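In: Make a model of this:
(chains A and B)
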Amino acid sequence: MRALGGLAVVVTLVFGLAAGQAFRAADGALARAAANTDQLVRIQAIQTHVVQADADATNAFLVGGLEPAGQRADYTAAVAAASQLIAEAAQNQPADGRALGALNQALLDYATEIEQARANNRQGLPIGAQYLKDASAHLRSDAVPLLKNLVTANTARVGTEFDNARRASLWLVVFGLLTLLVLVLCLVWLARRTRRLVNVPVAGAALVVLVALVLGTVGLAGISRHVEATRSGVYAATLSTAKARIAAFDAKSNESLTLVARGSGSAFEKAWTSSDAAVRAELARLNANPSPSGQQTLPWAGYEAAHRKIRALDNAGDWDASVALATGTGSGSGNASFASFDTASERQLATLSRQTASGLHEAGGWLPFAGALGVLAGLLAAVLSWWGVSLRLAEYR
Amino acid sequence: MTAGRVASAVATMVAVGLLATACSSAGVYKPTPLPGSATAVAASGGGAPATGAAPSTGASPQGTATPAPSGTAVVTANCLPSYAPPAELPPPGQMPPGSTMSRIQSRGRLVAGVSADTLLLGSRNPISGRIEGFDIDLLHAISQAIFGDPDRLELRVITAAQRLPVLEDGSVDIVARNMTITCARWKDIAFSSEYYRSGQKVMVRLGDTTASGGRITGMRDLAGKKVCAPNGSTSMDELRTFPGLQPVGADTHTGCLVLFQQGKVDAITGDDTVLAGLAAQDPYAHVVQAPAFTAEPYGLGIGKGNVDFVRFVNGVLAELRADGRWQKSYNRWLADALGKAPNPPAAVYGRTP
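Out: Residues are numbered from 1 along each chain as shown, chains lettered A, B, ... in the order given. Here you go, the predicted model:
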């Protein structure tokens, strides 16, 4: 009987710890999901800045050695922002350190080649064009695969933590049911052995465990629902917006490279088409996503129309007019219509990523408190169990 | 009773173990993987060296190398003849119906494959954005002859290796891209009469010496060094015949110059015209002053079936040679680098379709 009492005490104490752990795990997973989401948004911002820099560089190249000051400033700002974010990202996720180091190297190489292209362009030397082409090609062969790996890894980490948060209640349910089983067996055994129907304190312990189990499960299920809603809602919308922006800037670079290649750019135009399809797919996903309320459809169609005009002119042999439209900034030009997409999507991305982060942070505010309550419930049940058993033990003395 | 004790001990241990693992693994992730080729790609550079450098290095047939020819005697003589021009060219804007020229006229523009980075022959002027050079002047003359307007041109920028394919698939009417007339190429395309006689030379770094410290006088002094030439060019074919060199390929000669400036190749070989354009962009490059070791007769490339257009173009070239426009263009682009204008190469006809 002493052993039975010991078992009940140990099991209820373990239940308390498990309940505490369930809430702690949910809390930790939510915090890590938020941190990983921040990192993912950071990586995607790096990618956006990198493709944006390339879009600026390639477009300015079409104008010749005398690149527009605004475009140059835009390029410099994009490279500076990317390099700052790389350092920030490395600080926030040590597991990304090596990949970010390699990315930093690739960005440095890219910026160097672009500067060499500029220096030669300023002197009117054709080798400048070759440096630019190499820079763009190396950016795509070196930096883009690294960024892809970083995005994949961080998306997977967010997914893992979302799953961890949802699975946290497993601790509670498994240990709770086990504890209940032990306590019920204990009650039955005591009833048979002592010919009393119910041992009130042990029954009380079982009741405490049951209540903690039910309340905890309901609470964690709420978290799980919230996490699921965030994941398929604002988080998915954040990802879609970021992906749409990256594909959009890539399309813009490819448009310029098609014109730079001057008649031999069909590979770049093919790349434009697939980037355009990627933008459309993400925009469709955004439209189908009900949770980010108050968002408007991003103005991508305007740029698409400008691109069609640019291609039509070039295909008809009027390269100069095509370049004028692609590099101009008047209404209906490639740059103006693209800028309106850029501005709108940037604003939307900022709003959505803020909503995602705050959604995850707020969801689990009560979790540490609940964890403490869980441990206390375990302690209480343990005390009750021991009390119940010792009552019977006393009768044998 | 011991059973109960054992059970409680086991339960405790399992629980503690689970809790411990749950706490320790949280928030520690596997490092983000690097792409397999990231470091390898970063180590290479230039035009398309990732693909070009590897296969061409060591492709030099060591055992079967022929000695470098001296002088410019080795001309592909049998293949110089082109189709004779008509006695009289049709007046501009009135191309004979059904001819290739009338098709071009009704399209409204002549589509030409050119280089945009071969300074002096065909390169994009970064200030004006226009492509200009000795090769491009010829196209303006042909446009003038067809349309009565020198600027009815659509210039498509192509690489050295694309010169034959774009003519074979009909995506351009004509290629004016410092192309050597060879017998092998006549099998796939047609050539105009010769419009310039170039020859292959080699360019090294200023101050470079041979292994023993002597002056570099030719390809033979470059044993063991990396020498660049564009893929699919006669320069590359020739480069492969020299034993002991490491040939490196790039898309274009400008791609070679990038590799040269980055220290990834030691020398560039190519036609004297092309090398003059490269040397003009880099004061630390030096074209070895020795007679060219090949003869490179330049011709305009035209689709194999468009014999009427070849005849027409030959007619235009004959006019250029006769009325001094050839000299004028030469003096504008090439005289500074290559010296006073020679006589234009004499046209050789006699080919029949």
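
In: Any buried residues in stretch A:123-143, and which?
Out: By 16 or more other Cβ atoms under 10 Å in any protein chain shown, the buried positions in stretch A:123-143 come out as A:124-143. Yep, even glycine has a C-beta here, placed from its N, CA and C like the rest.

In: In helices, which of these appear?
Out: A:127-138 (DSSP state H).

In: In contact with residue 135, which residues?
Out: In the absence of a named chain, this looks at chain A. Shown in contact with residue A:135 (Cβ atoms under 8 Å, 6 or more residues apart in numbering or on different chains): A:54, A:57, A:110, A:113-114, A:117.

In: That was the other one, I meant chain B.
Out: Neighbouring residues of residue B:135 by Cβ under 8 Å, 6+ apart: B:114-115, B:118, B:121-122, B:176-178.

In: for residue B:177, same thing?
Out: Contacts for residue B:177 (Cβ under 8 Å, 6+ apart) come out as B:113-115, B:118, B:121-122, B:135, B:158, B:160, B:163, B:301.

In: State the distance from it to residue A:290.
Out: Residue B:177 is 57 Å from residue A:290, where distance means Cβ to Cβ, to the nearest Å.

In: Stretch B:155-174 vs chain A: in contact?
Out: Yes. Residues of stretch B:155-174 contacting chain A under Cβ under 8 Å from any Cβ of the partner chain: B:155-159, B:162.

In: Format these as CSV; extra columns: secondary structure and pLDDT.
Out: Listed next are the residues of stretch B:155-174 next to chain A as CSV, based on DSSP: H, G, I helix; E, B strand; the rest coil; pLDDT from 0 to 100:
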residue, secondary structure, pLDDT
B:155, strand, 91
B:156, strand, 90
B:157, strand, 88
B:158, coil, 88
B:159, coil, 84
B:162, helix, 89
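
In: Among the residues you listed, find me the one that's closest to chain A.
Out: Closest approach between the residues of stretch B:155-174 next to chain A and chain A, by Cβ to the nearest Cβ: residue B:156, at 2.7 Å.

In: quick one: the closest one and residue A:265 touch, right?
Out: No. Using Cβ atoms under 8 Å as the test, residue B:156 is too far from residue A:265 to be in contact (9.3 Å).

In: got a pLDDT number for the residue of the stretch 1-150 of chain A found nearest chain B?
Out: Among all residues of the stretch 1-150 of chain A, residue A:3 sits closest to chain B, at 3.4 Å; criterion: Cβ to the nearest Cβ. Looking at residue A:3, its pLDDT stands at 81.

In: Could you do residue A:13 as well?
Out: 88.

In: can you redo the contacts of residue B:135 as a markdown table with secondary structure?
Out: Formatted as a markdown table, the contacts of residue B:135 follow (DSSP: H, G, I helix; E, B strand; the rest coil):
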| residue | secondary structure |
| --- | --- |
| B:114 | strand |
| B:115 | coil |
| B:118 | strand |
| B:121 | coil |
| B:122 | strand |
| B:176 | strand |
| B:177 | coil |
| B:178 | coil |
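
In: between the residues you listed, which is nearest chain A?
Out: Taking Cβ to the nearest Cβ as the measure, chain A lies nearest residue B:118 of those, at 7.6 Å.

In: Now do the closest one against residue B:298, distance only.
Out: Residue B:118 sits 12 Å away from residue B:298 when distances are taken as Cβ to Cβ.

In: Overlap of the contact sets of those two?
Out: residue B:178.

In: just so I have it, where are all the helices in the stretch 151-300 of chain B?
Out: B:163-168, B:183-186, B:234-239, B:253-261, B:272-279 (DSSP state H, counting those that start in this stretch).

In: Out of the ones you listed, which gets nearest to residue B:142?
Out: Nearest to residue B:142 among those is helix B:163-168 (15.1 Å), distances taken as Cβ to Cβ.

In: mean confidence score for the closest one?
Out: According to the model, helix B:163-168 has a mean pLDDT of 94.

In: Which elements pack onto it?
Out: Secondary-structure packing of helix B:163-168 (3 or more Cβ pairs under 8 Å, 6 or more residues apart in numbering or on different chains; DSSP states H and E): strand B:110-114, strand B:174-176, strand B:189-191, strand B:301-303.

In: Redo these as CSV? Include mean pLDDT.
Out: CSV is the format used below for the helices and strands packed on helix B:163-168 (pLDDT from 0 to 100):
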stretch, mean pLDDT
strand B:110-114, 95
strand B:174-176, 97
strand B:189-191, 96
strand B:301-303, 97
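
In: Adding mean neighbour count, write the ones you listed out as TSV.
Out: Output for these, formatted as TSV (neighbours: other Cβ atoms under 10 Å in any protein chain shown):
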stretch	mean neighbour count
strand B:110-114	25
strand B:174-176	28
strand B:189-191	24
strand B:301-303	25
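
In: List just the one of those that sits closest to residue B:320.
Out: Closest to residue B:320 of those, according to Cβ to Cβ: strand B:174-176, at 12.8 Å.

In: Could you find which two of the contacts of residue B:135 are furthest from each other?
Out: Largest pairwise distance in the contacts of residue B:135, by Cβ to Cβ, is 10.6 Å, between B:118 and B:176.

In: just to revisit the earlier point, and for the residue of the stretch 1-150 of chain A closest to chain B, the neighbour number?
Out: Residue A:3 has 16 neighbours, counted by other Cβ atoms under 10 Å in any protein chain shown.

In: What strand or helix carries it?
Out: Element membership for residue A:3 (DSSP states H and E) is helix A:2-63.

In: List the buried residues of the following helix or strand past that helix.
Out: Helices and strands here follow DSSP H and E; after helix A:2-63, the next one along the chain is helix A:69-92. Neighbour-count burial for helix A:69-92, counted by 16+ other Cβ under 10 Å, picks out A:71, A:74-75, A:78-79, A:81-83, A:85-86, A:89-90.

In: quick one: helix A:69-92 near chain B?
Out: No. On the criterion Cβ under 8 Å from any Cβ, helix A:69-92 is out of touch with chain B, staying 10.4 Å away.

In: How far off centre is that helix?
Out: How far helix A:69-92 lies from its chain's middle: 20 Å, per Cα atoms, centre = their mean, to the nearest Å.

In: and the helices of the stretch 151-300 of chain B, which is most packed in?
Out: helix B:253-261 (a mean of 29; mean count of other Cβ atoms under 10 Å in any protein chain shown).

In: May I have the secondary structure class of the residue in the stretch 251-397 of chain A positioned nearest to chain B?
Out: Using Cβ to the nearest Cβ, residue A:263 is the residue of the stretch 251-397 of chain A that sits closest to chain B, at 2.7 Å. Classification of residue A:263 using three-state DSSP returns coil.

In: ok, how many other residues are close to the closest residue in space to it that isn't next to it in sequence?
Out: Using Cβ to Cβ, 6 or more residues apart in numbering or on different chains and skipping the chain neighbours, the partner closest in space to residue A:263 is residue B:156 (2.7 Å). With neighbours defined by other Cβ under 10 Å, the count for residue B:156 comes to 22.
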